[in-house]
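Enquirer: this is the structure alone, sequence omitted:
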């Protein structure tokens, strides 16, 4: 029997104890105010993959599930990329002395390609000491990353298109203008390349985190 709503019901009820039956927010800030960014990036990443796996492994799949769940899957993944790029930029800026750990430290920007173009030179400055073959391999990888980042950005530049079906209306014009074109998306290919991007950005984020830790350990 469906439980009825009561006037005393609350969505956010505090909880404590050792049982794994509650979540915590901002209980730990991190040395560089970095814990929340890490947790948000992890959460959106894992949620997107778990939801995609659920579709791929669903024995009772139908078009309603396929055509509705693709929106949160791509939105969650896109937001993961936005957060982890911003987090990496932040580590790089603190390491370089362009920002401090009590500052936000990344651009207030939603375009993935603009954020990537901010981050890419910070990554590639490390290639100075690489031999030519390794340097070329890394640059080729970055070019492949940029292609996929551009692909997402062309569909959703402002983190809007997978949340709303219509573009924001212009003043005085309220006509329907779809935020996305007519497209189909192969799920196995999507997952394969999502994993590639996740592994790439996890790697450069960890590299930036280690560089900052080394600098702070030597102060």
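Expert: Looks like it came in fine. Predicted, not measured: the structure shown is a model, and the values here were computed from it. Residues are numbered from 1 along each chain as shown.
Enquirer: next, give phi and psi for the residue nearest the centre of the chain.
Expert: In the chain, the centroid-proximal residue (C-alpha atoms, centre = their mean) is residue 80; its distance is 1.3 Å. Note on residue 80: backbone dihedrals following degrees, to the nearest 10 are phi -60, psi -50.
Enquirer: what sits against residue 3?
Expert: Contact partners of residue 3, counting by C-beta atoms under 8 Å, 6 or more residues apart in numbering, are absent. From N, CA and C alone the C-beta is placed, and that goes for glycine too.
Enquirer: do you know how far it is from residue 142?
Expert: 52 Å (C-beta to C-beta, to the nearest Å).
Enquirer: show me where this protein has helices.
Expert: Secondary structure of the chain (DSSP state H): helices located at 35-56, 63-96, 112-124, 132-155, 187-217.
Enquirer: who's sitting farthest from the centroid in this structure?
Expert: Relative to the centre of the chain, the most outlying C-alpha is that of residue 1, 39.1 Å out, by C-alpha atoms, centre = their mean.
Enquirer: ok, and the closest non-adjacent residue to residue 45?
Expert: Take residue 45 and drop its neighbours on the chain: the residue closest to it by C-beta to C-beta, 6 or more residues apart in numbering is residue 80, 4.3 Å away.
Enquirer: verify the stated contact: the one you found with residue 39.
Expert: No. Under the criterion of C-beta atoms under 8 Å, residue 80 makes no contact with residue 39, lying 11.7 Å away.
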